[in-house]
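**Q** Quick one, fold the following:
(chains A and B, ligands or ions: 2)
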Amino acid sequence: MGLFSAITAKIKGGLAKTREVFVSGLKSLLLGRKLDEATIAEIRRRLIEADVGVKTTDRFVAHIQEQFRAGRIDKGDQVLEYLKGELRSMWPPEDRELRFAPAGEKPTVILVTGVNGAGKTTSISKLAKLLQSRGNKVMLGACDTFRAGAVRQLEIWGERLGIDVVKGQQGGDPAAVAFDACQAAKSRGVDVLILDTAGRLQTQDPLMRQLTKIRSVVSKQIPGGPHEVLIVLDATAGQNALRQAEEFDRAIAGASGNQPKPADALGVTGIFLAKLDGTAKGGIVVAIKEATKIPVKFIGVGETPDDVQPFEPEKFVDALFEE
Amino acid sequence: MLDRLTDSFNGLFRKLSGNATLTEKNVRDAIDEVKTNLLDADVHLDVVNAFTAAVLQDALGKDVTKSLKPGEEMIGIVHARLVQFLGGTPDQADPRAALQSTADQTIMKVSPGPTIIMMCGLQGSGKTTTCGKLAALLKKRGRSVMLAAADLQRPAAVEQLHTVANQVEKDFPGGSQVHFYGEPDKVAEYGKAVGIAVQVCQRALAAARAKGVDVLILDTAGRLHVNDELMGELTQVKRLLNPHHIFLVVDAMTGQDALNSAKSFHEKLDIDGVILTKFDSDTRGGAAMSVKHVTGAPIKFVGVGEKLDALEDFHPTRFAGRILGMGDVVALVEKAQEQVNEDEAKKLEEKLAKGELTMDDFLSQLKMLRRMGPLKQLFSLLPGVGSMLKDVQIEDKQLDKVEAMIGSMNKAERKKPDIIDNSRRKRIASGAGVEQNDVGQMVKQFGLVSKLSKGMAGMSAAQKSAAARELGSGGMGGMIPGLKGLPGFGSKGSSFSASPKAKFKKRKK
Ligand SMILES: Nc1nc2c(ncn2[C@@H]2O[C@H](COP(=O)(O)OP(=O)(O)O)[C@@H](O)[C@H]2O)c(=O)[nH]1
Ligand SMILES: [Mg+2]
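**A** Ligands and ions are numbered 1, 2, ... in the order given. Take a look at the predicted model:
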């Protein structure tokens, strides 16, 4: 626990501000209020507006309604406690920790994936800075050889943070860059290698297969790697993000066509939920957790490398009800 | 794409046509069920409520319960309301009007130039790529463009736009020039470039005037609608440059909140319209159905791929048709028109009439078809086909096989496929990495097609389609494994015995 307790003071300041807003939003709806059918309907509306999805929302709401009608709960506070409890047990702390290579077997490899514009490259700069501040030697691999300016974007972050970036040719084979990056990371004694990839839509079969290839190149170079495969999701994403998580998970695991994901294959290991600093709530991660077991590990709350926080279910629930 | 919406409406229609005695309660229940599906498709909550209420009102008003064909009546009602929610009026239904590209109306011509377009939107919505797509569209229409990089914030954004501008200039059709304007030295770290972007825009306008370009497109940094400082930057650009058009770029995969932010952009900037991006994903189309109602601004274009020519006009009526599984034949014709060169088409027709079709002609037709987009996307535009294709995997890969087979034929074989005997077949098969049987089938199908086309020259359209039906497997589709069994693409009586997909799998092992 407390893996990232060393969050910078700046973020703490920012957080305090947002928390006030959360609480005031909540207060008006639930805290200290008597529960009634109208409030329950309002809870449903807020959950749906937060992109939690109808199925999951209705499961929560049905339970609340049942408890309320049976006379077991009658206060808004109790609803809040119930929801917090549900979500807390959904994401136990150990689920939210980054996975590292066993001692003596460095480097740890983190493969970062997601659809176009989700926030992959920016989120990588955040992870890099976080890991660096904890004393790790970090290296970046620019496997987005497709989008114009993508390599340069990562390089600029590397320069600003003083981190080496391994790159290949624009338009070249991303798996080859992954190979070079793994080699370089081993020979330079790097602790953590983070690989950036091109954005792709889960419907683009050939590109999804390319992801499988990158994964297996890494596995061959670094036994046990990639140790962490993150999918970056945009907090504004709707129900489609569930499909994104499922399809990226299958691609990483090497399932092709309509095959299900092989049971014990490595898939996506965590979500980096970006752009939570806007008004979008990212509620879809609840449905994703239910359907795929993929936990949220970090949240992005701005555009600079400092704007990252570990994911905390309690705060997330608070934010769901923020107006 | 749009499956979920299509399914949910089809379910509604089926339910209503199946009921022996239809009661008001039946209708209410059926419409209630649609609600859940719409929410699942990311239709905005307010829109779900407004839409279903409107449909219910129409249904009860027209008294569908008394109608002889309540299912069909309901289709009419839902279609009309969809068109309205998508921002259209019923009189836009004329397909000929729809065939005309709206690009020229959408992007006005002004004198003196340039027409100024400001792009804006949330981070990562696809602004820069869309700038390139608009430039490609305008270039095709003979209008010169300058792309100006006003995103000084995201690292390498200026370079990205520069590359995109070069690509359009170099690789895309059209006579006019595409320029780039950027000041890479003004790029600053987050929050430090605010205000400078405004000046860059002003200098870009001066440069555009000096060069006499027709259209200036400003690519601005992504921003949150709640960031007052950055929103202020956009209002300043608006005040100082007075853009003729402001387009908001919205990701089609967005959920409930993005529409609130779109609304906020509209309130602050009075946008002309929305461009929906990433529509080639399996988005269920909720954003498309909600934009107009929530923000008040219409959708103008949709982006359907990463390539810079993957931008389509948005027509509410046609789009409603797609949602209801009625297809969008007009879009298909449009795509074909873009690829076909009149002269070539004429020549081909003459060849067809004389029965002189060669494998080379077929190959170039195939290539043209592929330039129109992924097959599944094309087929989904055919009426009634979209829903059938939901679980079918159409792999463009299978067309690679056909191309490979023709590729390993020599000149003589391409001209007269009749000469392909056993030994030639063997050589072609091994050259293309397929089985001899595949080559045989393809040549046979080709023979049928060319015979058919010879016979069809001079027939009326009705006769043609009757002949095609009679021929069954003889359509071009029959030549392409994986397309069999689709209407118009070869029928069940095809000479392929095993399912082509199964065969393909076997071979891979
Ligand atoms: N407000 C905000 N913007 C973000 C966040 N993460 C990324 N972005 C922005 O989203 C845009 C796309 O990010 P990028 O990292 O290039 O996405 P990629 O295409 O997935 O690599 C950029 O403008 C980023 O600054 C975040 O947490 N909050
Ligand atoms: Mg990137």
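**Q** tell me which element residue 259 is part of?
**A** Picked chain A for this. Assessed by DSSP states H and E, A:Gln259 sits outside every helix and strand.
**Q** meant chain B actually
**A** Using DSSP H and E, B:Leu259 falls in helix B:256-269.
**Q** Which elements pack onto that helix?
**A** Applying 3 or more Cβ pairs under 8 Å, 6 or more residues apart in numbering or on different chains; DSSP states H and E, one finds that helix B:256-269 contacts helix A:37-49, strand B:115-121, helix B:228-241, strand B:245-251, helix B:286-295. (Glycine included, C-beta is placed from N, CA and C.)
**Q** Run through who's touching it.
**A** A:48-51, A:236, A:238, A:278-281, B:42, B:44-45, B:120-122, B:224-226, B:231, B:234-235, B:238, B:246, B:248, B:250-251, B:271, B:274, B:287, B:290-291, B:294-297 (Cβ atoms under 8 Å, 6 or more residues apart in numbering or on different chains).
**Q** Got the confidence number for the residue of the stretch 1-150 of chain B found nearest ligand 2?
**A** Residue of the stretch 1-150 of chain B nearest ligand 2, by Cβ to the ion: B:Gly124 (9.1 Å). Looking at B:Gly124, its pLDDT is 94.
**Q** In three-state terms, label it for me.
**A** coil (DSSP: H, G, I helix; E, B strand; the rest coil).
**Q** follow-up on the earlier one: with respect to B:Lys347, which of the helices and strands packed on helix B:256-269 lies nearest?
**A** strand B:115-121 (38.3 Å; Cβ to Cβ).
**Q** okay, whatever helix or strand comes next after the closest one in CSV with CA atoms only?
**A** Next helix or strand after strand B:115-121 toward the C-terminus (DSSP H and E): helix B:127-140. The C-alpha trace of helix B:127-140 is given here as CSV (Å, rounded to 0.1, in the frame of the first residue of the first chain):
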residue,chain,number,x,y,z
LYS,B,127,-9.2,18.1,-34.4
THR,B,128,-5.9,18.0,-36.2
THR,B,129,-6.8,15.0,-38.4
THR,B,130,-10.1,16.6,-39.2
CYS,B,131,-8.4,19.8,-40.3
GLY,B,132,-6.5,17.7,-42.8
LYS,B,133,-9.7,16.0,-44.0
LEU,B,134,-11.4,19.3,-44.6
ALA,B,135,-8.3,20.5,-46.5
ALA,B,136,-8.5,17.4,-48.6
LEU,B,137,-12.2,17.9,-49.3
LEU,B,138,-11.6,21.5,-50.3
LYS,B,139,-8.7,20.7,-52.4
LYS,B,140,-10.8,18.2,-54.3
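**Q** so helix B:127-140 versus strand B:115-121, what angle?
**A** Angle, helix B:127-140 to strand B:115-121, by axes from the mean of the first three to the mean of the last three Cα atoms, to 10 degrees: 150 degrees.
**Q** Run through who's touching helix B:127-140.
**A** So helix B:127-140 is in contact with B:103, B:107, B:117, B:119-121, B:144-145, B:147, B:151, B:157, B:160-161, B:164-165, B:167-168, B:172-176, B:178, B:214-215, B:217, B:219-220, B:222, B:247, B:249, B:275, B:277, B:301, B:303, B:306, B:308-311, going by Cβ under 8 Å, 6+ apart.
**Q** Now find how far off-centre that helix is within its chain.
**A** 15 Å (Cα atoms, centre = their mean, to the nearest Å).
**Q** and what of stretch A:305-315?
**A** That offset, for stretch A:305-315, works out to 10 Å (Cα atoms, centre = their mean).
**Q** Would you mind measuring the gap between the ends of it?
**A** 21 Å (Cα to Cα, to the nearest Å).
**Q** what's the average pLDDT for the helix or strand encompassing A:Gln65?
**A** Element membership for A:Gln65 (DSSP H and E) is helix A:54-69. Throughout helix A:54-69, pLDDT has a mean value of 94.
**Q** what comes up buried for it?
**A** For helix A:54-69, the neighbour count (16 or more other Cβ atoms under 10 Å in any protein chain shown) marks A:54, A:56-58, A:60-61, A:64-65, A:67-68 as buried.
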